[in-house]
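Asks: Sequence and predicted structure below; questions after.
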Amino acid sequence: MVEQIFKLARGNEKAVEKVIFDENLHYLHMVFNKGEGLPEHFSNSNVYMTVVRGKLSIGLDDQNNHEYEAGSLLKIPFQTKMNVKNLHDETLELIVVKAPAPTK
């Protein structure tokens with residue numbers, strides 16, 4: 001078999017899965033319920049964030065929070081301060097790709 005197969009968590013339980021973490025890219029799958037999210041941090045690569053379901057509330061650098069619905073794809077530059085949260089009742093599901101893969 002040539003291809004590799006990866007399975008993503010299904011359901012509504014909180015998850016931060018490092019699906020692919022190699023020298024080319026990092027591919028993460030995240031699920032957050034209301035009030036959950038990531039600690040505030042700076043992006044360590046170019047970040048491509050797809051909202052699969054729910055509504056993302058995100059503050060970037062010194063901007064106020066913006067909200068993005070399912071079907072939105074955000075391109076976030078390297079070294080951007082990020083505050084990722086789910087402030088809504090519906091479960092938030094994200095796919096995050098970091099490319100190129102962070103070196104540190």
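Replies: Here it is on my side, so go on.

Asks: residues contacting the closest residue to residue 71 other than its chain neighbours?
Replies: In space, and not counting its chain neighbours, residue 71 is closest to residue 51: 6.8 Å by C-beta to C-beta, 6 or more residues apart in numbering. Where you see a C-beta, it was placed from the backbone N, CA and C, and this is true even at glycine. Applying C-beta atoms under 8 Å, 6 or more residues apart in numbering, we find residue 51 in contact with 68-74, 92-94.

Asks: cutoff 6 Å now
Replies: For residue 51, the contact set (C-beta atoms under 6 Å, 6 or more residues apart in numbering) comprises 68, 70, 72.

Asks: any chance of those residues in a markdown table, with secondary structure and neighbour count too?
Replies: As requested, these are exported to a markdown table (DSSP: H, G, I helix; E, B strand; the rest coil; neighbours: other C-beta atoms under 10 Å):
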| residue | secondary structure | neighbour count |
| --- | --- | --- |
| 68 | strand | 18 |
| 70 | coil | 14 |
| 72 | coil | 14 |
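
Asks: what's the pLDDT at the residue nearest to residue 71?
Replies: pLDDT, residue 51: 98.

Asks: tell me which element it is part of?
Replies: Taking DSSP states H and E as the criterion, residue 51 maps to strand 47-53.

Asks: ok now that strand, how far from the chain's centre?
Replies: Relative to the centre of its chain, strand 47-53 is centred 6 Å away, using C-alpha atoms, centre = their mean, to the nearest Å.

Asks: helix or strand right after it?
Replies: Next helix or strand after strand 47-53 toward the C-terminus (DSSP H and E): strand 55-60.

Asks: List the neighbouring strands of that following strand plus their orientation.
Replies: Sheet pairing here is set by DSSP bridges, and for strand 55-60 it gives strand 66-69 (antiparallel), strand 81-85 (antiparallel).
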